[in-house]
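>>> below: sequence and its predicted model.
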Amino acid sequence: MILVTGATGNVGRHVLDLLVAGGHAVRALSRSPQEAVWPAEVDVVAGDLAAPASLDAALAGVESVFLFAVPGSGPAFVAAAQRAGVRRVVLLSSGGVDDEAEVQDGPIAAYHAEIEQALRGSGLAWTFLRPDVFAANSLMWAGQTRSGDVIRGAHAEAASAPVHEADIAAVAAAALTEDGHAGQVYRLTGPQSLSHADQAAILGRALGRPIRYAELPAETVRQAMSAHVPGPILDNIFTTWAASVGRTAPTTTDIEKVTGRPARSYHDWALDHAAAF
C-alpha cells in the first residue's frame with residue numbers, strides 16, 4: 001500500500017493518478033475527504049499531518065509514503081512511520097534547501113530542511129524531491145490575463161526554470177515504486193531559464209494572443225501581495241526575484257534521468273492550463 005499525503009494538491013493528485021494507472025494499491029490522506037472526488041480504486045482516509053493522533057490509522061499496512069509535509073511535522077510523522085513499519089518515504093521538499101548552509105535562507109527552505117533532517121536520521125529509506133520554481137506559480141497572473149493582455153508585476157527580468165507539476169509527480173511515482181532511489185536528492189527544474197517577461201510571451205502564444213509583462217515598482221507589487229502572502233515568505237520571494245535579475249537560472253536533467261524523458265517545457269504547461277487564463 002502506498003499512502004499519498006497532500007492528495008488534492010497540484011503534485012499530490014498527479015501522483016495519486018499515476019499510481020492508480022500503474023495498478024498500485026493507493027491510500028489518500030485528506031483533512032476533508034468529502035470535499036473531493038476520488039478514483040474508485042483509492043482508499044481514502046481522513047487525517048492531518050499536523051494531528052499526529054490521526055497518523056497511526058492512516059499508515060496501517062503502508063509500505064511507501066509520498067510526503068507533502070507541513071511545518072513541524074517531521075518528528076511525529078517519522079515516529080508514526082516507524083511504528084507502522086513503513087519502508088520508503090518520498091518527500092516533496094524545496095529547491096531552496098542548501099545542504100551547506102548552517103541557517104537556511106527563508107522559512108520555506110528552513111522547515112523543509114528540518115523535515116529532511118528528521119528523515120535522514122530515521123532509518124527509513126528516503127528520497128528528497130527539490131523542485132525549484134513551480135510553473136503553477138504563474139496562475140497568480142490568471143486574473144489579469146482573463147481581463148486583458150498585460151501582466152503587471154515586479155521584476156520583469158527575474159529568471160527561473162519553471163517546472164511542470166506533472167514532471168514532479170512522475171519522479172515521485174518512480175521513486176515510490178522502483179528500487180534505486182533511496183538516499184537520492186533530486187533537484188527538479190524545467191528545461192529552460194525564462195524571465196517573467198519570457199513567460200508572459202509564452203503564455204500569449206499558448207492562448208493565441210499577445211501577452212506582455214509590464215514591470216511595476218517592487219514595493220507596489222509587494223503591498224498588493226501582502227494581503228494573502230505571509231511577510232517572511234514575501235520577503236524571500238522578493239529577495240529571490242531581485243537576485244535572479246540578469247542571471248540564467250540553473251537547470252538539471254534529473255527529471256529525464258529518473259523518468260527517461262525530458263522535462264516538459266513551460267509552453268507545454270501553458271497549453272495544459274490555458275483554460276485558467
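It's in.

>>> so what touches stretch 189-202?
95, 131-132, 135, 138, 141, 151, 153, 155-164, 167, 210-213, 248-252, 254-255, 262-267, 269-270 (CB atoms under 8 Å, 6 or more residues apart in numbering). All C-beta spots, glycine's among them, are computed from the backbone N, C-alpha and C.

>>> which of those fall in strands?
Among those, DSSP state E puts 131, 151, 153, 159-160, 212-213 in strands.

>>> mind picking the lowest-pLDDT entry from those?
pLDDT across those is lowest for Gly153, at 94.

>>> tell me how far that one lies from Val221.
Applying CB to CB, to the nearest Å, the value for Gly153 to Val221 is 6 Å.

>>> these two: who's more crowded?
Gly153 (23 against 19; other CB atoms under 10 Å).

>>> what residues are up against that one?
By CB under 8 Å, 6+ apart, the neighbours of Gly153 are 141, 196, 213-216, 221.

>>> for Arg261, same thing?
Arg261 neighbours (CB under 8 Å, 6+ apart): Ile255.

>>> same thing but 6 Å
By CB atoms under 6 Å, 6 or more residues apart in numbering, the contact list for Arg261 is empty.

>>> distance check, Ser226 against Phe238.
For Ser226 relative to Phe238 (CB to CB), the value is 11 Å.

>>> and those two? Which one has more around it.
Phe238 (18 against 11).

>>> confirm that the more buried one sits in a helix.
Yes. Secondary structure of Phe238 (DSSP: H, G, I helix; E, B strand; the rest coil): part of a helix.

>>> distance of it from Gly246?
Counting by CB to CB, the gap from Phe238 to Gly246 is 16 Å.

>>> which residues in the stretch 51-200 of the chain form strands?
For the stretch 51-200 of the chain, applying DSSP state E, counting those that start in this stretch gives strands covering 64-67, 88-92, 125-131, 150-153, 159-160, 185-188, 194-195.

>>> and the helices in the stretch 101-250 of the chain?
107-120, 142-147, 165-177, 196-207, 218-225, 231-244 (DSSP state H, counting those that start in this stretch).

>>> tell me which of those helices sits most buried.
helix 165-177 (a mean of 24; mean count of other CB atoms under 10 Å).

>>> which elements pack onto it?
helix 10-21, strand 88-92, strand 125-131, helix 254-259 (3 or more CB pairs under 6 Å, 6 or more residues apart in numbering; DSSP states H and E).

>>> can I get the ones you listed in TSV with mean neighbour count and distance to Gly180?
Listed next are those as TSV, based on neighbours: other CB atoms under 10 Å; distance: least, CB to CB, whole Å:
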stretch	mean neighbour count	distance to Gly180
helix 10-21	21	18
strand 88-92	25	12
strand 125-131	24	10
helix 254-259	18	9
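
>>> so which of those comes closest to Ser64?
Nearest to Ser64, of all the helices and strands packed on helix 165-177, is strand 88-92, at 4.2 Å by CB to CB.

>>> and the closest one, what does it pack onto?
Strand 88-92 packs on strand 64-67, strand 125-131, helix 165-177, going by 3+ CB pairs under 6 Å, 6+ apart.

>>> switch the cut-off to 10 Å
strand 2-4, helix 10-21, strand 64-67, helix 74-84, helix 107-120, strand 125-131, helix 165-177, strand 185-188 (3 or more CB pairs under 10 Å, 6 or more residues apart in numbering; DSSP states H and E).
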